[in-house]
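In: quick check, what structure comes out for this input:
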Amino acid sequence: MNTNTFIMLFAIYSIATGLVVETIKKLLDEANRKYASNLLAFIVAIVIGTVGTLIYYQLYGIAFDVNNIICAVLLGILSGIGAMVGFDKVKQFIGQIK
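Out: Numbering: from 1, shown residues only. From the prediction side, this is the model:
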């Protein structure tokens, strides 16, 4: 996997993570369930990042070798870290502006 593909997938997964997390949070709020938004964002991002990368490999005929599997796992972890860092900080910033 080259750097351009890695960054493109990271951007796509970041957008998808934000949408999925907001949907899950809305469902949990309607059900009056307690949750930790950072943990939720981290788990969703890891799943989306890792599974999304593996699907990308399958669709583009990329071999499932050791290096590519490591990249898939790292992209999942990076997506999780990016979701935790960016997700609540942006929401907190918007709340402080109001």
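
In: which helix or strand contains the residue nearest the centre of the chain?
Out: Nearest to the centroid of the C-alpha atoms of the chain, with distances taken as Cα atoms, centre = their mean, sits Ala45, at 2.5 Å. For Ala45, the element it lies in under DSSP states H and E is helix 37-59.

In: hey, where'd the helices end up in the protein?
Out: 3-30, 37-59, 66-97 (DSSP state H).

In: ranking those by burial, who's on top?
Out: Neighbour counts (mean count of other Cβ atoms under 10 Å) averaged over each of those peak at helix 37-59, with a mean of 18. C-betas here are computed from N, CA, C, even on glycine.

In: need the contact partners of that one.
Out: 9-10, 12-14, 16-17, 20-21, 24-25, 62-64, 68, 71-73, 75-84, 87-88 (Cβ atoms under 8 Å, 6 or more residues apart in numbering).

In: can I get that helix as CSV, trimmed to CA atoms?
Out: Taking C-alpha atoms only, helix 37-59 is exported to CSV below (Å, rounded to 0.1, in the frame of the first residue of the first chain):
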residue,chain,number,x,y,z
SER,A,37,-18.4,8.5,23.4
ASN,A,38,-14.6,8.3,23.1
LEU,A,39,-14.7,4.5,23.6
LEU,A,40,-17.6,4.2,21.1
ALA,A,41,-15.7,6.3,18.5
PHE,A,42,-12.5,4.3,19.0
ILE,A,43,-14.2,0.9,18.6
VAL,A,44,-16.2,1.9,15.6
ALA,A,45,-13.1,3.5,14.0
ILE,A,46,-11.0,0.4,14.5
VAL,A,47,-13.7,-1.8,13.0
ILE,A,48,-14.3,0.5,10.0
GLY,A,49,-10.6,1.0,9.4
THR,A,50,-9.6,-2.6,9.6
VAL,A,51,-12.6,-4.2,7.8
GLY,A,52,-12.7,-1.4,5.2
THR,A,53,-9.0,-1.9,4.4
LEU,A,54,-9.5,-5.7,4.1
ILE,A,55,-12.5,-5.1,1.7
TYR,A,56,-10.4,-2.6,-0.3
TYR,A,57,-7.7,-5.3,-0.6
GLN,A,58,-10.3,-7.9,-1.8
LEU,A,59,-11.9,-5.5,-4.3
